[in-house]
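Asks: I'd like to go over a predicted model; first the sequence, then the structure.
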Amino acid sequence: MKVAVIGSGTMGSGIAQVAATAGCEVKVFDTNQEALNRSKANLENILSKLVEKEKISEKVKFEITSNVSFANTLGELSHSDLIIEAIVENFEIKKKLFADLENYVSPDTILASNTSSLSITSIAASCHKPERVIGIHFFNPAPLMQLVEVVPSIQTSEEVLNKTVQTISDWKKVVAVAKDTPGFIVNRVARPFYSESLRILEEGFADMATIDWSFKEIGSFKMGPFELMDFIGHDVNYVVTETVFTAFYFDPRYKPSLTQKRLVEAGYLGRKSGRGFYDYSKDLPKPTE
Ligand code: NAI
């Protein structure tokens, strides 16, 4: 199967690795050459570490890297059976990309978005063949997280839904078919997880290290909410909250946090920029007694 991934950031790089590991021929496209270079170097590093840890052989590493190539134009993606978009979480930019893509691909190519919160129905409406558009929402990091939400819009054909579910299952992921509602399942449920934690911090009842600690130590979570927001990236996480808030007609349950907005404005995007709630160049704060 020929797969293309558009956007070679955190998610696109992970999705490309998953598809290549499953034996697909993968082309990765990004408008930013540096992002493409980083993605290539990261894939090499990740696979080398897996070889060191004896999780894969040199031969498998070679097969996976041989399955991935990098493209500089959308035209190079024209022979794809499936295209997964993982670019910036911005409606207008995504819609323009989907409309452009139809000029290059065959009528049967499935066009998927990895959006966290935007309406698949509205993205599909920018295409001449909206029935081929679907949401495929991976979680971060894509190679490790088992769950994938598959989100048909009201225009998506039954055939496209079935093919997509089959493909993602073949990639050894667990599929949850979700309705096209803001945040789908997981990102909707996760909003209060972040926003209540932010409110506790803003009201001064506990510091973030203590809140993170309590989720991990008492709740057995892998990361606390502040660590997780730093991991996801505040630019991505904040815009998802804003989208869900707006899409639910400003329901105060989903109101975004000004504290997080300031981080985005400052460029403190989390781990990817070296600083978010935590400063990753320093020793991280300890929970209070
Ligand atoms: P990112 O910021 O790491 O990567 C986005 C990439 O898209 C960048 O390399 C950028 O150069 C590229 N790009 C921007 N506009 C483009 C265009 N018009 N054409 C081609 N490339 C373009 O973002 P990330 O975190 O990978 O998120 C991507 C998508 O995945 C978003 O829709 C986000 O909501 C979603 N998502 C993010 C998750 C996360 O934890 N970060 C989890 C699940 C979904």
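Replies: Structure's in. What do you need?

Asks: distance between the ends of stretch 19-32?
Replies: Criterion Cα to Cα, to the nearest Å; first-to-last residue distance in stretch 19-32 is 22 Å.

Asks: so which bits of it are buried?
Replies: Within stretch 19-32, the residues that count as buried by 16 or more other Cβ atoms under 10 Å are 19-22, 24-30. The way it works is simple: take the backbone N, C-alpha and C, and place the C-beta from them, glycine included.

Asks: report the two of those residues separated the most.
Replies: Among those, the pair separated by the greatest distance (Cβ to Cβ) is Ala22 and Asp30, at 21.3 Å.

Asks: sorry, back to before: what's the closest of the buried residues of stretch 19-32 to Lys96?
Replies: Nearest to Lys96 among the buried residues of stretch 19-32, with distances taken as Cβ to Cβ, is Phe29, at 14.7 Å.

Asks: quick revisit: and the buried residues of stretch 19-32, which of them are in helices?
Replies: Residues from the buried residues of stretch 19-32 lying in helices, with DSSP state H as the criterion: 19-21.

Asks: ok, the host helix or strand of Lys49 near the ligand or not?
Replies: Using DSSP states H and E, Lys49 maps to helix 33-52. Yes - counting by Cβ under 6 Å from any ligand atom, the ligand has neighbours in helix 33-52: Ala35.

Asks: again with stretch 129-141
Replies: Yes - using Cβ under 6 Å from any ligand atom, stretch 129-141 reaches the ligand at 138-140.

Asks: give me the mean pLDDT for that stretch.
Replies: What stretch 129-141 shows for mean pLDDT is 97.

Asks: list the ones among the residues of stretch 129-141 next to the ligand that fall in strands.
Replies: Phe138 (DSSP state E).

Asks: the ligand: which of the residues of stretch 129-141 next to the ligand is nearest?
Replies: Asn140 (3.3 Å; Cβ to the nearest ligand atom).

Asks: residues in contact with the closest one?
Replies: Asn140 makes contact with 10-11, 14, 231-232, according to Cβ atoms under 8 Å, 6 or more residues apart in numbering.

Asks: cool, Ile232 as well?
Replies: So Ile232 contacts 140, 270 (Cβ under 8 Å, 6+ apart).

Asks: just checking, Arg188 touches Ala247?
Replies: No - using Cβ atoms under 8 Å, Arg188 is not in contact with Ala247; the gap is 9.9 Å.

Asks: residues shared between the contacts of the two?
Replies: Common neighbours of Arg188 and Ala247 (criterion: Cβ under 8 Å, 6+ apart): Pro182.

Asks: circling back to that earlier point, including distance to Leu47, could the residues of stretch 129-141 next to the ligand go into JSON lines?
Replies: Below are those laid out as JSON lines (distance: Cβ to Cβ, whole Å):
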{"residue": "Phe138", "distance to Leu47": "19"}
{"residue": "Phe139", "distance to Leu47": "21"}
{"residue": "Asn140", "distance to Leu47": "18"}
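
Asks: the residue in the stretch 1-150 of the chain that the ligand sits nearest to: how many residues sit nearby?
Replies: Nearest residue of the stretch 1-150 of the chain to the ligand: Gly9, at 1.8 Å (Cβ to the nearest ligand atom). For Gly9, the neighbour count with other Cβ atoms under 10 Å is 18.

Asks: please name the nearest non-neighbouring residue to it.
Replies: Ala35 (6.1 Å; Cβ to Cβ, 6 or more residues apart in numbering).

Asks: re the thing from before, tell me the phi and psi of the residue of the stretch 1-150 of the chain closest to the ligand?
Replies: phi -80, psi -150 (degrees, to the nearest 10).

Asks: name the SS class of the residue lying closest to Val51 once chain neighbours are set aside, please.
Replies: Nearest residue to Val51, sequence neighbours excluded (Cβ to Cβ, 6+ apart): Lys61, at 5.3 Å. Three-state call for Lys61 (DSSP: H, G, I helix; E, B strand; the rest coil): helix.

Asks: can you count the residues close to Lys61?
Replies: Neighbourhood size, Lys61 [other Cβ under 10 Å]: 17.

Asks: with Glu158 instead?
Replies: Glu158 has 9 neighbouring residues, counting by other Cβ under 10 Å.
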